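Novice: The sequence and its predicted three-dimensional model are supplied below.
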Amino acid sequence: MATLLMVESWLRSTGHSLPPLIRRLGHDYVLLTKDPALYPDSSSGTRHPVRGNASEIVRADTNDPDAVSAASRAVASRRRIDGVLTTCDYYLPTVATIAHELGLPGAPPDVLHTATRKHRVRQALDAAGLPNVGFAVADSYDAARDAAASLGYPLVAKPVDLNSGTSVQRVDDDAALKDAFHEITAEAHNTRGQARERVVLLERLVEGAEVSVEAIARDGETTIVGITDKSLAGPPAFVESGHMFPADLPAADVADAEAYVRDVLAALDYRHGLSHTELRLTSDGPRLIEINPRQAGGYIFDLLRLVTGVHPLEQLVRLSLGQPPREHEATDVGSAAVFFVISPRPGTVVGVAGTGALDVDPDVVRWQLSVPARAGLPRSNDAYLGHVVVSSASRADARAKAEATVGSLRLRFADGTHARPLGVPSVEALVGAPVHS
């Protein structure tokens with residue numbers, strides 16, 4: 001049995017999946033957190049998995065480099081620590097630093113400091129001479145307006161250091177740019193209380209299908225696990241409405257995307273860890289949207305598990321312990337998809353009609369809804385009211401099945417009105433959509 005040091009975690013998704021998985025693999029972990037209350041009990045009184053599965057909880061200011069370093073060394077001085085990990089983007093550089101200090105497996109801290117800042121990744125691609133999109137970094141609205149005049153609209157405005165698509169938006173003119181700049185730079189700290197870089201990354205908008213490439217690097221050798229296709233709910237934000245694995249792409253597009261991602265990872269010197277790299281497949285070839293030096297979120301890790309037979313979070317544990325990744329296993333699942341339930345308008349959603357059919361649908365692997373809930377306009381991937389995961393023996397039709405399943409639901413609002421979830425194709429489109437096998 002190995003003992004891991006877990007430095008914070010996401011609350012949902014991987015935060016629910018990783019802790020019990022560590023136990024099932026025969027290991028335990030010490031949770032290092034600034035506040036255990038970040039991981040609250042459920043309404044029924046069940047302990048949050050992050051706290052409930054920990055063999056020990058150590059409280060330390062995980063946002064203070066000196067404090068977290070001292071706490072980590074103190075834990076390692078009284079019990080064996082075999083690896084360090086997190087599922088939370090904001091603590092990836094911290095984990096890399098702790099692993100380096102304790103002599104444990106992990107990517108170099110400077111690599112993670114680059115890979116978790118969107119503008120530094122763009123700069124690294126330019127330095128390596130890789131295909132890139134035009135971009136600029138602005139620390140004032142005047143600088144942003146000057147950059148926009150040089151780059152030309154339409155543009156995408158992004159924070160350089162947030163996650164889940166937060167505040168990422170299309171801007172088509174100076175007025176929209178001004179609103180975006182002030183929104184992106186308004187908060188001095190992220191949701192975990194860490195000081196932010198209050199600058200805006202502007203990028204030329206590129207057109208093309210959006211995909212993500214899932215990969216594993218160990219000892220400098222990169223293995224491509226596969227490619228996930230992605231659907232978006234619609235402008236001006238870039239909220240993801242669903243995913244399918246594997247993506248149904250021509251072989252040439254697959255080869256181009258995989259080769260490009262290998263080059264991107266090499267430009268960052270990313271030689272150890274999972275990665276989730278988002279691309280647009282443009283008419284001029286793949287172009288980077290952003291890279292995440294971690295496992296895929298948005299339940300993509302579940303899709304990979306269903307198709308490949310291996311859980312990406314198990315691979316995270318193995319890499320943290322210096323072990324080689326597990327080989328994929330044969331499954332009877334050709335494709336798997338998740339589609340998210342998103343309100344099409346602001347309001348209080350008090351119920352969802354049509355859920356009874358989900359329990360008897362043999363293609364539905366799992367579904368979850370969190371209602372009643374107050375819904376706003378979707379501005380990030382935190383806008384989800386729930387999700388449905390679907391599998392198929394066919395390699396290409398899980399997405400259509402997931403969309404049709406979510407499209408059969410009706411959201412019921414407190415004012416008595418009903419609406420279909422956002423981002424679901426029309427019934428006519430679903431019925432007429434070809435299914436490739």
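Specialist: Sure thing, it's come through.
Novice: what about the stretch 201-350 of the chain, any weak spots by pLDDT?
Specialist: Scanning the stretch 201-350 of the chain for pLDDT under 70 picks out the ranges 235-237.
Novice: so where do the strands sit in it?
Specialist: If DSSP state E, counting those that start in this stretch is used as the criterion, the strands of the stretch 201-350 of the chain fall at 209-218, 221-232, 240-245, 273-282, 285-292, 335-341, 347-353.
Novice: got a list of what Ala37 touches?
Specialist: Residues touching Ala37, when contacts are defined by Cβ atoms under 8 Å, 6 or more residues apart in numbering, are absent altogether. Quick note: C-beta positions are derived from backbone N, CA and C, even for glycine.
Novice: got the phi/psi numbers for Leu5?
Specialist: Taking degrees, to the nearest 10, you get phi -110, psi 110 for the backbone angles of Leu5.
Novice: Now for Ser140, how many residues are close by?
Specialist: Residues within reach of Ser140, counting by other Cβ atoms under 10 Å, total 12.
Novice: and it, what pLDDT?
Specialist: Per-residue confidence for Ser140 comes out at a pLDDT of 98.
Novice: quick one: secondary structure of Thr191?
Specialist: coil (DSSP: H, G, I helix; E, B strand; the rest coil).
Novice: quick revisit: can you redo the strands of the stretch 201-350 of the chain as JSON lines with mean neighbour count and distance to Ala99?
Specialist: Listed next are the strands of the stretch 201-350 of the chain as JSON lines, based on neighbours: other Cβ atoms under 10 Å; distance: least, Cβ to Cβ, whole Å:
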{"stretch": "strand 209-218", "mean neighbour count": "22", "distance to Ala99": "14"}
{"stretch": "strand 221-232", "mean neighbour count": "19", "distance to Ala99": "19"}
{"stretch": "strand 240-245", "mean neighbour count": "27", "distance to Ala99": "29"}
{"stretch": "strand 273-282", "mean neighbour count": "23", "distance to Ala99": "10"}
{"stretch": "strand 285-292", "mean neighbour count": "21", "distance to Ala99": "18"}
{"stretch": "strand 335-341", "mean neighbour count": "28", "distance to Ala99": "31"}
{"stretch": "strand 347-353", "mean neighbour count": "16", "distance to Ala99": "42"}
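Novice: so where do the helices sit in the chain?
Specialist: Ranges of helices within the chain are 14-24, 49-52, 65-78, 92-102, 109-115, 118-128, 141-151, 174-185, 251-267, 300-308, 312-320, 356-360, 398-407, 427-432, based on DSSP state H.
Novice: Which among those helices is found nearest to Pro36?
Specialist: In this view, the helices of the chain are compared for proximity to Pro36 by Cβ to Cβ, and helix 49-52 is the closest at 5.8 Å.
Novice: So what does the spatially most central residue of the chain look like in phi/psi?
Specialist: For the chain, the residue sitting closest to the mean C-alpha position, by Cα atoms, centre = their mean, is Gly297 at 3.3 Å. Backbone torsions for Gly297, taken as degrees, to the nearest 10, come to phi -100, psi -160.
Novice: I figured it hits Glu278, correct?
Specialist: No - in this structure, Gly297 is not within contact of Glu278 by Cβ atoms under 8 Å, at 11.0 Å.
Novice: Turn the helices of the chain into a markdown table, columns for mean neighbour count and distance to Val225.
Specialist: What follows is these, written out as a markdown table (neighbours: other Cβ under 10 Å; distance: least, Cβ to Cβ, whole Å):
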| stretch | mean neighbour count | distance to Val225 |
| --- | --- | --- |
| helix 14-24 | 19 | 16 |
| helix 49-52 | 19 | 25 |
| helix 65-78 | 15 | 30 |
| helix 92-102 | 23 | 19 |
| helix 109-115 | 20 | 18 |
| helix 118-128 | 18 | 20 |
| helix 141-151 | 16 | 34 |
| helix 174-185 | 18 | 32 |
| helix 251-267 | 17 | 10 |
| helix 300-308 | 24 | 6 |
| helix 312-320 | 23 | 8 |
| helix 356-360 | 10 | 28 |
| helix 398-407 | 25 | 17 |
| helix 427-432 | 11 | 29 |
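Novice: Comparing those, which yields the minimum mean pLDDT?
Specialist: Summarising mean pLDDT across the helices of the chain, the least confident stretch is helix 427-432, with a mean of 38.
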